[in-house]
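Visitor: What would the 3D arrangement of this be:
(4 chains)
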There are 2 protein chains.
Amino acid sequence: MNAKRAEPVDKRRLILDAAIRVFAREGFHRCRVSDIAKEANVAYGLVYHYFRSKDEVLNTIFSERWELLVEMIGDTEKQDLPVRDKLYAIASFIIDSYQYDPELMKVIIVEVTRAANTFGSHHLAEITQAYDGIARIVADGQEDGTLRDDISATFASLCFYGAIEQLLSAWIFEGLGKSTQDFEQAKDMVVETICAGLQAERAVAGDATGA
Amino acid sequence: MNAKRAEPVDKRRLILDAAIRVFAREGFHRCRVSDIAKEANVAYGLVYHYFRSKDEVLNTIFSERWELLVEMIGDTEKQDLPVRDKLYAIASFIIDSYQYDPELMKVIIVEVTRAANTFGSHHLAEITQAYDGIARIVADGQEDGTLRDDISATFASLCFYGAIEQLLSAWIFEGLGKSTQDFEQAKDMVVETICAGLQAERAVAGDATGA
DNA sequence: ATTCGTGTTGACTCGCGAGTCAATCGTGAC
DNA sequence: GTCACGATTGACTCGCGAGTCAACACGAAT
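Guide: The predicted model follows:
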């Protein structure tokens, strides 16, 4: 704990970054630990010096980043802004994350968030924190009358987050445009779609409320 | 090809149904082929009599069901209904599918649709067909003036589908309510949220269009 | 110089589980 | 009766890959 100095290269970090690339390229289940070691230019055994298991590597990658998202949502929640701007900030954060480091976000979404059977279940609590934060923001908007309150906040947050994640998936796997402009438009469109749908004081369209 | 009779039990079907249960319970990667055989009360080797590999079992399960969804969307597209009703029909179909056979839907979503690194990539074409169908429905709505056309149809379809899938995920992994009423409300809420957001002739809220 | 400890190495073990295959069963045809 | 052939069985093979471990490198402390 005291012997740690500024090392020339932090091998642990090297391994994590290599793992992100390998997981993104080949998928967690398909790649071998030796692939990670090779990618990091490091001996096989060193991976097990820093991490207890292959799983722990992925868990670390995920938690490290997801924590930032949860914090960011928490901070946004506290700020005094219109709901719409808060949601815009969140959409921005996630989409920017993807634009800045697509491989990392691919791993997080594909191998954890959307792999709820495998790793997702270990991180359910963390994942849910994000949804809950968004839900609280929506709830605030409902209380101050900005948003309609006949749609549950939990529900709205799932729609909002689900829409964003689906967009990322489309960027990852289909050929959705990836220019800066595309990303900026995307932010506006998700927020616009969801916020407009949730906005208060509008003429309700028809007969939808009955079962 | 000609010797086939109405057998007392269709073992192939038995294996598929058992596989759905096992995949849903343990996940594709975690379960063993022997688990499937055991669940189906069938010898290990018989699985390989009917399927070339473990993968093929999952692929069959997925394609069999996804085809129905794609057909359903195609049919809906052709009908002469307001966009809103069309989208409602699709949301209903998916949510009803889950309500009727949660294990099957869990497998489809968790192991294929959202496992785009693994199986999803093999089925990308099929999956995309569904999105495209929804996008065409939205595009129709834009042409007849029901829906605003400043949000791309492709985009809107991703939001719509993503929101629904996120709801299913929440049912699968979190404790979202599962009464019939919950499911019915869910349908209304997704459609309402997304459709209202996409509806034409509304006052646009603010300043969001700039970067 | 030697002792320690942390970082680093990579060959090796070892269990698991997908896929194979030779044998057996059941039954329809002749 | 027996032949043929698909359905069915389950013990066995075999490769893969996660995780282990004994050895080595190197700097710091004494």
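Visitor: Name the helix or strand of chain A that has the lowest mean pLDDT.
Guide: The least trusted helix or strand in chain A, going by mean pLDDT, DSSP states H and E, turns out to be helix A:180-198, with a mean of 90.
Visitor: tell me what it is packed against?
Guide: In terms of contacts (3 or more Cβ pairs under 8 Å, 6 or more residues apart in numbering or on different chains; DSSP states H and E), helix A:180-198 is packed against helix A:83-100, helix A:153-173, helix B:153-173, helix B:180-198. For the C-beta atoms, the positions are set from N, CA and C on the backbone; glycine is no exception.
Visitor: by how many degrees do the second one and helix B:153-173 diverge?
Guide: If I follow you right, that is helix A:153-173. Relative orientation of helix A:153-173 versus helix B:153-173 (axes from the mean of the first three to the mean of the last three Cα atoms, to 10 degrees): 120 degrees.
Visitor: Spatially nearest residue to A:D17 (excluding sequence neighbours)?
Guide: Once flanking residues are discounted, A:D17 sits nearest to A:A40: 7.5 Å by Cβ to Cβ, 6 or more residues apart in numbering or on different chains.
Visitor: My read is that the one you found contacts A:A18, right?
Guide: Yes: at 3.5 Å, A:A40 counts as touching A:A18 under the criterion of Cβ atoms under 8 Å.
Visitor: pLDDT value on the residue nearest the centre of chain A, please?
Guide: Within chain A, the residue whose C-alpha comes closest to the C-alpha centroid is A:I94; the distance, by Cα atoms, centre = their mean, is 5.9 Å. At A:I94, the predicted lDDT confidence score is 98.
Visitor: Look up the closest residue to it, ignoring the ones flanking it.
Guide: Going by Cβ to Cβ, 6+ apart, A:I94 has A:I164 as its nearest residue, at 5.5 Å.
Visitor: tell me the contacts of the one you found?
Guide: For A:I164, the contact set (Cβ atoms under 8 Å, 6 or more residues apart in numbering or on different chains) comprises A:A91, A:I94, A:I95, A:V190, B:G162.
Visitor: The third one contacts A:D182, doesn't it?
Guide: Spelled out, that is A:I95. No: taking contacts as Cβ under 8 Å, A:I95 lies outside contact range of A:D182: 9.8 Å.
Visitor: Those two: who's more crowded?
Guide: Neighbour count, other Cβ atoms under 10 Å in any protein chain shown: between A:I95 and A:D182, A:I95 has more, with 21 against 14.
Visitor: contacting residues for the more buried one?
Guide: The neighbours of A:I95, taking Cβ under 8 Å, 6+ apart as the test, are A:I164, A:L167, A:L168, A:F183, A:A186, A:K187.
Visitor: out of those residues, who's nearest DNA strand C?
Guide: Minimum distance to DNA strand C across the contacts of A:I95 is 30.1 Å, recorded for A:L168 (Cβ to the nearest atom of the strand).
Visitor: Let me know the distance separating the closest one from A:P102.
Guide: 9 Å (Cβ to Cβ, to the nearest Å).
Visitor: between the two, who's got more neighbours?
Guide: Taking other Cβ under 10 Å, A:L168 and A:P102 do not tie; A:L168 has more neighbours (25 against 15).
Visitor: Tell me the predicted confidence for the more buried one.
Guide: Among the per-residue scores, A:L168 holds a pLDDT of 96.
Visitor: I'd assumed A:I94 was in contact with it.
Guide: Yes: using Cβ under 8 Å, A:L168 is in contact with A:I94, at 7.3 Å.
Visitor: Within the helices and strands, which one has the closest residue to DNA strand C within chain A?
Guide: Ranked by Cβ to the nearest atom of the strand, the top residue of chain A for proximity to DNA strand C is A:G45, at 1.8 Å. Secondary-structure assignment from DSSP states H and E places A:G45 in helix A:44-50.
Visitor: Output the contacting helices and strands for the helix or strand just after that helix.
Guide: The element immediately downstream of helix A:44-50 (helix or strand, assigned by DSSP H and E) is helix A:54-78. Contact partners of helix A:54-78 among helices and strands, from 3+ Cβ pairs under 8 Å, 6+ apart: helix A:11-26, helix A:83-100, helix A:124-143.
Visitor: Looking at those, which is nearest to DNA strand D?
Guide: Nearest to DNA strand D, of all those, is helix A:11-26, at 9.9 Å by Cβ to the nearest atom of the strand.
Visitor: Also compute the angle for the closest one relative to helix A:54-78, please.
Guide: Using the same axes, to 10 degrees: helix A:11-26 against helix A:54-78 is 90 degrees.
Visitor: Give me the contact list for the helix or strand just after helix A:11-26.
Guide: Counting by DSSP H and E, the element after helix A:11-26 in chain order, helix or strand, is helix A:33-40. Contacts to helix A:33-40, defined as Cβ under 8 Å, 6+ apart, come from residues A:11, A:14-15, A:17-19, A:21-22, A:26, A:43-44, A:46-47, A:54, A:57.
Visitor: Narrow these to just the buried residues.
Guide: When neighbours are counted using 16 or more other Cβ atoms under 10 Å in any protein chain shown, the contacts of helix A:33-40 contain these buried positions: A:K11, A:L14, A:I15, A:D17, A:A18, A:A19, A:R21, A:V22, A:L46, A:V47, A:K54, A:V57.
Visitor: Retrieve the pLDDT associated with the third one.
Guide: Listed pLDDT for A:I15 reads 98.
Visitor: Please tell me how far it sits from B:H49.
Guide: For A:I15, the distance to B:H49 equals 44 Å [Cβ to Cβ].
Visitor: So which residues make contact with stretch A:147-160?
Guide: Defining contact as Cβ under 8 Å, 6+ apart, one finds that stretch A:147-160 is touched by A:83, A:87, A:91, A:131-132, A:134-139, A:141-143, A:190, A:194-195, A:198-200, A:202, A:209, B:163, B:166-167, B:170, B:176, B:186, B:189-190, B:192-194.
Visitor: Pull the distance from it to the chain's centre.
Guide: Relative to its parent chain, stretch A:147-160 has a centroid offset of 19 Å by Cα atoms, centre = their mean, to the nearest Å.
Visitor: what pLDDT, on average, does that stretch get?
Guide: When pLDDT is averaged over stretch A:147-160, the result is 91.
Visitor: What of stretch A:54-70?
Guide: For stretch A:54-70, the per-residue pLDDT values average out at 97.
Visitor: Please list the outside residues in contact with that stretch.
Guide: Counting by Cβ under 8 Å, 6+ apart, the neighbours of stretch A:54-70 from elsewhere in the structure are A:15-16, A:19-20, A:23, A:28, A:33, A:36, A:47, A:51, A:93-94, A:97, A:104, A:107-108, A:111-112, A:119, A:122-123, A:126-127, A:129-130, A:133.
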